[in-house]
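> Can you look at this prediction? I've put the sequence above it.
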Amino acid sequence: MPNKSQTSIAMLGLTALLSPLSAMAGTNIVTSIKPLELLVKAVAPDDANVTSLVPAGSSPHNYTMRPSQRRALENSDVIFWVGPEMETFLSRLLGGEEFRERTVSLMHGDDVPRADDTDAHHDEHEEDHHDDDDHGHDDHGHDDHGHDHGAGEDPHIWLDPVLALEMAKDIHKALSQLEGADTQALDANLARFEKTLLEAEEDIQHRLEPLANISLFAYHDAFTRYAGHFNLTLDGILTLNPELSPGARHIAEVQDKLRKANQPCLLTEPQFNRQWWRSITEGLDITFSTWDPLATDIESDRDGYVNFLQGIADNALACLPENAQ
């Protein structure tokens, strides 16, 4: 029969075996898109359950949610999305009573708009995109890095590393408030992410220097924040809204810019119809490169977001004449 000393040793051994499992092992975290999943993975304990709604090959601008994904929302402890400017298919649902208390809009912090507000904002957003007289996408900056990442600006905030760090801090705050949260692990993960991110920014900035004289064009404004942060020359956007066909005047303006540009390169996206942009660029001397703002092929782990940023740099460098396919 084991004595008390042997029993104590056995219990300590059992505790050691169980200790790698955090109190958040059963926590269900739902994100709207893969890039947010990468940010959550950078901050959350490894054993938290993290899933995304928008699958590979789909766009959050026009996605239709399946019933199983509605159940994932129902079973979630916390939901992270960019906000109604981006995932329009979630606006009414997450603005409603059932999910509002467990939802964090990373473009608006804790201030998640109500369903009626999000619909009105979306209508206004659509009207802005229908107006061919306003092509101000090249002027989007990121001088205001406060907690409110929104205010009607470009919603692709995860592509600016400065805003991504703010998003990670918002994620840290939300996860820290969950019951049983391992705040020490969350603090350590956030600190690691910030250090790794800053190192990656410096490396990417250096790598992208050869692109200084290349005229970049993007399929839609998803690339604007990344280009602005790393001082790339973004000379034009093919479509003002990927859900709609652009007007003839805007197409003519973009084609004229492409003809006059210095070594133009068009960055396309796998979520959208290739035949459409090929018809616009037919007969023009352009280099093409494909990048994915939704990080479809990036492994979902704690280094995923940094690898995502580095991958975009690789795609942009494919625009150099010596790298063109």
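Good, I have the coordinates. Treat the numbers as computed from the prediction; the structure is a model and nothing was measured. Residues are numbered from 1 along each chain as shown.

> what's the offset of stretch 53-67 from the middle of its chain?
The chain centroid and the centroid of stretch 53-67 are separated by 14 Å under C-alpha atoms, centre = their mean, to the nearest Å.

> repeat for stretch 155-175
9 Å.

> again with stretch 158-178
That offset, for stretch 158-178, works out to 12 Å (C-alpha atoms, centre = their mean).

> For that stretch, buried residues please.
Going by neighbour count (16 or more other C-beta atoms under 10 Å), the buried part of stretch 158-178 is 158-161, 163-168, 170-172, 174-175, 178. Using the backbone N, CA and C atoms, a C-beta is placed for each residue, glycine as well.

> Just the ones of those residues in helices?
161, 163-168, 170-172, 174-175 (DSSP state H).

> closest to residue 234 among the buried residues of stretch 158-178?
residue 159 (12.0 Å; C-beta to C-beta).

> mind checking how far residue 56 is from residue 171?
22 Å (C-beta to C-beta, to the nearest Å).

> With pLDDT and distance to residue 73 added, can I get the ones in helices among the buried residues of stretch 158-178 in TSV?
Formatted as TSV, these follow (pLDDT from 0 to 100; distance: C-beta to C-beta, whole Å):
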residue	pLDDT	distance to residue 73
161	97	29
163	96	25
164	97	24
165	97	27
166	96	24
167	97	20
168	97	22
170	96	19
171	97	17
172	97	22
174	96	16
175	96	17
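
> Let me see the domain layout of this structure.
23-199, 203-317 (automatic domain parsing).

> per-residue confidence averaged over the host helix or strand of residue 217?
Using DSSP states H and E, residue 217 maps to strand 216-218. Averaged over strand 216-218, pLDDT sits at 92.

> ok now the helix or strand following that strand, how far from the chain's centre?
Sequence-wise, the next helix or strand downstream of strand 216-218 (DSSP H and E) is helix 224-229. Here the centre of helix 224-229 is set off from its chain's centre by 13 Å, with C-alpha atoms, centre = their mean.

> Could you name the helices and strands sitting against helix 224-229?
If you count contacts as 3 or more C-beta pairs under 8 Å, 6 or more residues apart in numbering; DSSP states H and E, helix 224-229 packs onto helix 161-176, strand 216-218, strand 234-237.

> buried sites along that helix?
224-229.

> Where does the prediction get shaky in the chain?
1-25, 109-152, 240, 242-245, 273-277, 324-325 (pLDDT under 70).

> Would you map the helices across the stretch 151-300 of the chain?
Using DSSP state H, counting those that start in this stretch, the helices of the stretch 151-300 of the chain run over residues 161-176, 183-207, 224-229, 248-260, 274-281.

> With distance to residue 62 as extra columns, can I get these in a markdown table?
Converted to a markdown table, the helices of the stretch 151-300 of the chain look like this (distance: least, C-beta to C-beta, whole Å):
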| stretch | distance to residue 62 |
| --- | --- |
| helix 161-176 | 23 |
| helix 183-207 | 30 |
| helix 224-229 | 20 |
| helix 248-260 | 20 |
| helix 274-281 | 14 |
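
> picking that back up, I'd like the domains of the chain written out as CSV, with distance to residue 323 added.
Listed next are the domains of the chain as CSV, based on distance: least, C-beta to C-beta, whole Å:
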stretch, distance to residue 323
domain 23-199, 21
domain 203-317, 6
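
> how far away is the residue lying closest to residue 261 once chain neighbours are set aside from residue 224?
In this structure, residue 261 finds its nearest non-sequential neighbour in residue 215, 3.6 Å apart by C-beta to C-beta, 6 or more residues apart in numbering. Counting by C-beta to C-beta, the separation of residue 215 from residue 224 is 15 Å.

> again with residue 313
16 Å.

> now do residue 81
20 Å.

> Over to residue 36?
From residue 36 over to residue 224 (counting by C-beta to C-beta), the distance is 19 Å.

> Equivalent analysis for residue 93, please.
From residue 93 to residue 224 the distance is 28 Å (C-beta to C-beta).

> Check residue 236 too.
Distance of residue 236 to residue 224, computed by C-beta to C-beta: 11 Å.

> Among the buried residues of helix 224-229, which one lies nearest to residue 293?
Closest to residue 293, out of all of the buried residues of helix 224-229 and judged by C-beta to C-beta, is residue 226, at 8.3 Å.

> and that closest one, what does it touch?
Residues near residue 226 by C-beta atoms under 8 Å, 6 or more residues apart in numbering: 159-160, 232, 309, 312.

> Quick one: these as a markdown table, columns for distance to residue 255 too.
A markdown table is the format used below for these (distance: C-beta to C-beta, whole Å):
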| residue | distance to residue 255 |
| --- | --- |
| 159 | 26 |
| 160 | 29 |
| 232 | 21 |
| 309 | 31 |
| 312 | 25 |
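
> of all the residues you listed, which comes closest to residue 186?
residue 309 (22.0 Å).

> Touching, the closest one and residue 161? I think so.
Yes - using C-beta atoms under 8 Å, residue 309 is in contact with residue 161, at 6.4 Å.

> Can you work out which residues contact both of those two?
Here residue 309 and residue 161 share the contacting residues 200-201, scored by C-beta under 8 Å, 6+ apart.

> hang on, the earlier thing: for the strand holding residue 217, enumerate the helices and strands it packs against.
Against strand 216-218 (3+ C-beta pairs under 8 Å, 6+ apart) you get helix 224-229, strand 234-237, helix 248-260, strand 265-268.
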